[in-house]
Structure formats: structure tokens, C-alpha cells
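In: the following comprises the amino acid sequence and a computationally predicted model.
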Amino acid sequence: MANEFYALMGRMRYITRWGLMRNTFSENIAEHSHITAVLAHSLALIRRDILKLPTPDPDRCAVAALYHDASEILTGDLPTPIKYYNPEIKDAYKQVEKIAGNRLLDMLPPELRDSYEHLVLEDDPEVEPLVKAADKLSAHIKCLEEQKAGNTEFDSAAGQTWDAMRAMNRPELDWFLDNCLAPFTLNLDQL
């Protein structure tokens with residue numbers, strides 16, 4: 001076996017997001033995974049150090065976020081309106097993601113598969129809620145950046161992601177939204 005896993009991870013930069021939207025600047029899943037990892041790490045730290053709530057290791061959350069869209073290397077990024085159109089499509093796509101994730105895992109040396117399995121399959125019940133919150137927050141930040149550039153195409157998505165984040169009832173996410181989100185609307189001079 002050639003152990004293609006790492007070479008495929010490097011191809012994350014070729015998978016663009018927001019395919020149905022007119023973008024002021026494109027975003028690929030490598031960029032998205034990086035900011036999602038930064039946000040997952042920060043949400044875990046906020047939960048642990050500010051809110052004093054039990055939390056999984058922040059480093060574990062960051063690493064899980066780096067791999068949370070790995071299956072899209074093989075599947076592409078299916079737009080949200082399609083992915084969540086109805087429960088049958090949502091369930092079918094989850095199966096496609098699982099098959100793609102297992103295919104990626106099969107490209108690792110057998111000795112490493114267990115170390116990557118929870119990351120690629122996104123099935124760690126302690127980490128998954130924080131990564132999902134960070135993923136949604138990353139999407140919302142993309143909307144804010146597009147709006148800041150004058151792109152009203154993202155107005156509806158900004159409202160939807162905002163409502164979805166508030167509905168998550170995650171105290172660490174609410175704290176971030178209340179205390180850290182506003183600077184994302186500022187330009188460099190304002191920062």
C-alpha cells in the first residue's frame with residue numbers, strides 16, 4: 001500500500017465551499033478546517049477556563065476540527081440546502097461520508113488507523129458538539145466577511161447560521177458570540 005492518506009489531506013485546498021453562492025473570495029476546506037480548529041480550541045478553552053464547565057481536552061478538539069471535513073476530499077462539498085433538504089437525503093449523505101471516511105482510513109498504515117478513526121469519522125461524542133459549534137461559527141464568520149465586502153448574497157445565510165448557533169444552547173458558543181464576534185466585522189485599521 002502506498003499510504004495515500006497524507007497526500008489526499010494536502011488536496012483539501014482544492015475543494016471549494018459555498019458552491020451555490022457568489023463569493024467575494026473563495027474558501028476551500030483546508031482554510032475552513034484551519035479556522036474551525038482555532039475556534040474549536042477556543043470554545044473548549046472558554047468552556048473550561050472561563051465558564052468552569054467540564055470539557056474535553058482543547059487540543060483534542062482542535063485536532064478533530066482539522067479533520068472534520070476530510071471525507072469531502074472524496075465526496076466534494078455538498079451544499080447545505082441539498083445536504084439537509086429532507087431526512088432521507090441527510091441520512092444518505094451521512095452514509096456516503098462514512099464510506100468516504102473509511103476509504104481514507106484504509107489508506108493509512110494499519111498501525112495508525114485507530115489514531116485517526118475518531119477524527120475522520122467524527123464520532124467522538126465528547127468532542128463532536130464543540131466541533132459542530134465551531135463549524136457553524138466558521139460558516140457565520142464567512143458570512144460576516146462577505147457582508148463586510150458588500151456581498152448581500154450572504155445575508156440570508158448569516159441569519160440562518162446565527163439562528164442555528166443560538167439554537168445550539170452551547171454556553172461557550174454564546175459567550176464567544178457575545179464577547180468575541182464583533183471584531184470580525186472590523187477592518188485591519190479598526191482592529
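Out: That came through fine. Numbering: from 1, shown residues only.

In: buried residues in stretch 154-164?
Out: The neighbour-count check on stretch 154-164 (16 or more other Cβ atoms under 10 Å) flags 154, 157-158, 160-162 as buried. Bear in mind the C-beta positions are built from the backbone N, C-alpha and C, glycine included.

In: any chance of those residues in TSV, plus distance to residue 7, pLDDT and secondary structure?
Out: Compiled in TSV, the buried residues of stretch 154-164 are given as follows (distance: Cβ to Cβ, whole Å; pLDDT from 0 to 100; DSSP: H, G, I helix; E, B strand; the rest coil):
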residue	distance to residue 7	pLDDT	secondary structure
154	33	97	helix
157	32	95	helix
158	36	97	helix
160	35	96	helix
161	32	97	helix
162	38	98	helix
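
In: please identify which of those is nearest to residue 113.
Out: Closest approach to residue 113 among the buried residues of stretch 154-164 (Cβ to Cβ): residue 161, at 33.9 Å.

In: identify the residue spatially nearest to the closest one, adjacent ones excluded.
Out: Of all residues not flanking residue 161 in the chain, residue 140 sits nearest, at 3.9 Å (Cβ to Cβ, 6 or more residues apart in numbering).

In: now do residue 24
Out: Here the nearest residue to residue 24 in space, its sequence neighbours aside, is residue 149; by Cβ to Cβ, 6+ apart that works out to 4.1 Å.

In: no more questions from me, cheers.
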